[in-house]
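J.: Take this sequence and fold it.
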Amino acid sequence: MEYKKLRVIISGGGTGGHIFPAVSIAGKLKEVNPDTEILFVGAEGKMEMEKVPAAGFKIVGLPIVGLQRQLNWHNVKNNLSVPFRVLSSLRRAGKIIEEFAPDVAVGVGGYASAPLLWEATAKGIPSLIQEQNGFAGLTNKMLGGRVDSICVAYEGMERFFPADKIVMSGNPIRSTMHPFSEQERRKGMDLYGLDPAKKHILITGGSLGSGTLNNAVKAWISNGCPGGEGLEILWQCGSWYKSGVDAFMAEHKTEGIHHFDFIKSMDLAFAAADLVISRSGASSVSEICATGKPAIFVPSPNVAEDHQTHNAMALVSKGAALMVKDSEAAVSLLKMATESVRDDALLESLSKAALSLARLDAAQTIVDEIYRIAK
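T.: This next block holds a predicted model:
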C-alpha cells in the first residue's frame, strides 16, 4: 500500500481509554508517512487537552459537555446547558473542518467526537470510528450509520453497527506491552526490589486508583494476609488514595507489600508479575492479551452500560482471564488471587488463552483502513 501524505482529524477523549488509542493511531500515521498532518479535536477542560500536546500533537477544544446522570444542582445546571453547547460545538466543528480541510476524520469515542464526526460526514469527508469496548458507547452508536468504517476490538459488534462496515482491528496499545523475556522479568524484579524466588501479584486500579481494589487489599492485610506466604505484592493504589494507604501501611507494617501512587514503568511491573489484578477498561484488557499475563478482572460498576463487565467476559468466556464482581471483591478477590498464583497449570492456561486473543497490529490495521477510505 502507498502511504501518501494525508490531512487527518482525530476527535474524542474524556478518558485515557479514548485518548491512548487516539495517540497510538496518530503515531502510526506519522510512522508510515512523516509528512501526514494531524489535528486533534477534544473537549475543553478534559484530559486530552493536556495529554495530546504532551504526546507532540496539536489539539483544539470544543465547548461540548456530556449529560450527567446523577441528580444534583450542579448536574442539573450542566444538563440544561448541553443543547446550547452542542449547537456551539457543531458550529465550531464545521469551522475547524473548513479551515483544516481533512482528507479523513477519525473518531475514538467520547462525546467530544460527536460534533466533529457529525459535521465531517455531513460534508462528505471519509470518516472512521474506533470502538474500544465490547459494548458500544452512545456516541459511536449514533455515528455508526453515518461513517464509512468502524474498527472494533470485540466479536459480536453487529448488535450495534452495520455489519458491512465493521473491521476487526483490536485496540492500539503501548509498544512496550508484549510477551516479556526472562531478561525483562529480571529487570522488573531488580527495579522494584523483588525476590525472584517468590510469586508476585500486580494490583492496579489505574493512575487515580480504585477504592474497591484498595479496600480489598487493606481488608486482606488487616486479616493477617491469609495465603500470603511466599508472595510479594506490587500495589498501585492511585494518587487519589495514596495518603490514606500510607497511613494504613504505617499502622500495618507488612513485608512483601510494595505500594505506589503511580507505577511509571508499568511494562516492567507487568514483566515481574505472575498474576495481574485490574479493572477491565478496554486498554487494560488489550494489554493483558498482548503480554499474555494471567489476570483477575474486577469490572468497575461506575461506567456507562456496564461495558467493563462486557470487556472482561470476552476473555473469561474463553478461559483467558478470571473475574470477581466489584461487590464481592472485599471478601473474594485476594482469596482467589493467592490461590490462583500458586496454580502453575492455571497460570499457563490463562496466559496461552490471553495471548491467542492478542492483536498486536491494531494501530497498523486502523491506519490501513484510514488509507482505504481516503479519497
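J.: Residue 293 contacts residue 276, doesn't it?
T.: Yes. Counting by Cβ atoms under 8 Å, residue 276 is a contact partner of residue 293 at 4.9 Å. For every residue, glycine as well, the C-beta is placed using N, CA and C.
J.: what is in contact with the two at once?
T.: Residues touching both residue 293 and residue 276 comprise residue 270, with contact defined as Cβ atoms under 8 Å, 6 or more residues apart in numbering.
J.: Return the distance of residue 90 relative to residue 39.
T.: Taking Cβ to Cβ, to the nearest Å as the measure, residue 90 falls 17 Å from residue 39.
J.: Could I get the full set of helices for the chain?
T.: Counting by DSSP state H, the chain has these helices, from start to end: 16-32, 48-54, 73-100, 113-122, 138-143, 182-192, 211-222, 242-251, 266-272, 282-291, 307-316, 329-340, 344-356, 362-373.
J.: Residue 60 is nearest to which of those helices?
T.: helix 73-100 (6.2 Å; Cβ to Cβ).
J.: And stretch 219-229, end to end?
T.: 17 Å (Cα to Cα, to the nearest Å).
J.: Show me what counts as buried in it.
T.: Going by neighbour count (16 or more other Cβ atoms under 10 Å), the buried part of stretch 219-229 is 220, 221, 225, 227, 228.
J.: How about the contacts made by the first one?
T.: Taking Cβ under 8 Å, 6+ apart, we find residue 220 in contact with 226, 228, 333, 334.
J.: run the last query once more with 7 Å
T.: Residues touching residue 220, when contacts are defined by Cβ atoms under 7 Å, 6 or more residues apart in numbering, comprise residue 334.
J.: next one: the second one
T.: By Cβ under 7 Å, 6+ apart, the contact list for residue 221 reads 252, 254, 257.
J.: What is the burial count for residue 164?
T.: Using other Cβ atoms under 10 Å as the criterion, residue 164 is surrounded by 7 other residues.
J.: And it, how close does it get to residue 345?
T.: With Cβ to Cβ as the criterion, residue 164 and residue 345 are 43 Å apart.
J.: can you check residue 196 too?
T.: Computed as Cβ to Cβ, the residue 196 to residue 345 distance reads 21 Å.
J.: between these two, who's got more neighbours?
T.: residue 196 (10 against 7).
J.: Tell me the confidence at the more buried one?
T.: At residue 196 the predicted local confidence, pLDDT, stands at 94.
J.: Touching, it and residue 187? I think so.
T.: No. Under the criterion of Cβ atoms under 7 Å, residue 196 lies out of contact with residue 187, with a separation of 11.5 Å.
J.: Just the buried residues out of the contacts of residue 221, in ChimeraX syntax.
T.: Applied in ChimeraX, the following selects the buried portion of these according to 16+ other Cβ under 10 Å:
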select :257
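J.: Which ones among the contacts of residue 221 lie within strands?
T.: Applying DSSP state E to the contacts of residue 221, the entries found in strands are residue 257.
J.: Out of the contacts of residue 221, which comes closest to residue 58?
T.: Taking Cβ to Cβ as the measure, residue 58 sits nearest to residue 257 out of the contacts of residue 221, at 43.0 Å.
J.: what about the closest residue to that closest one other than its chain neighbours, distance to residue 332?
T.: With Cβ to Cβ, 6 or more residues apart in numbering as the measure, residue 233 is the residue that lies nearest to residue 257, at 5.0 Å, once sequence neighbours are left out. Distance of residue 233 to residue 332, computed by Cβ to Cβ: 17 Å.
J.: Neighbour count for those two, which is higher?
T.: Between residue 233 and residue 332, counted using other Cβ under 10 Å, residue 233 has the larger neighbour count: 25 against 15.
J.: Verify the stated contact: the more buried one with residue 201.
T.: Yes. Proximity of residue 233 to residue 201 meets the contact threshold set by Cβ under 7 Å, at 5.3 Å.
J.: Residue 317: neighbour count?
T.: As a measure of burial, residue 317 has 10 neighbours, counting by other Cβ under 10 Å.
J.: And it, how close does it get to residue 152?
T.: Looking at residue 317 against residue 152, where the rule is Cβ to Cβ, the gap reads 17 Å.
J.: now residue 93
T.: When Cβ to Cβ is applied, the distance between residue 93 and residue 152 equals 24 Å.
J.: what's the answer for residue 268, then?
T.: From residue 268 over to residue 152 the distance is 31 Å, taken as Cβ to Cβ.
J.: In contact with the spatially closest residue to residue 151 that is not a sequence neighbour: list those residues for me.
T.: Nearest in space to residue 151, with sequence neighbours left out and distances taken as Cβ to Cβ, 6+ apart, is residue 169 at 4.0 Å. For residue 169, the contacting residues are 151, 152, 153, 359, 362, 365, 366, by Cβ under 7 Å, 6+ apart.
J.: what's the closest of these to residue 208?
T.: In terms of Cβ to Cβ, no member of those lies closer to residue 208 than residue 153, at 23.1 Å.
J.: Stretch 111-128: how far from the chain's middle?
T.: 23 Å (Cα atoms, centre = their mean, to the nearest Å).
J.: can you check stretch 193-209 too?
T.: Remark: stretch 193-209 is offset 19 Å from the chain centroid, using Cα atoms, centre = their mean.
J.: Show me which residues of that stretch are buried.
T.: By neighbour count, and taking 16+ other Cβ under 10 Å as the criterion, the buried residues in stretch 193-209 are 194, 199, 200, 201, 202, 203, 204, 205, 206, 209.
J.: neighbours of residue 310, just the number please.
T.: One way to gauge burial is a neighbour count; for residue 310, by other Cβ under 10 Å, it gives 18.
J.: likewise residue 370?
T.: In terms of burial, residue 370 registers 28 neighbours under the definition other Cβ under 10 Å.
J.: Residue 348 now?
T.: The burial metric for residue 348, expressed as a neighbour count using other Cβ under 10 Å, is 12.
J.: So it versus residue 294, what's the distance?
T.: Distance, residue 348 to residue 294, by Cβ to Cβ: 8 Å.
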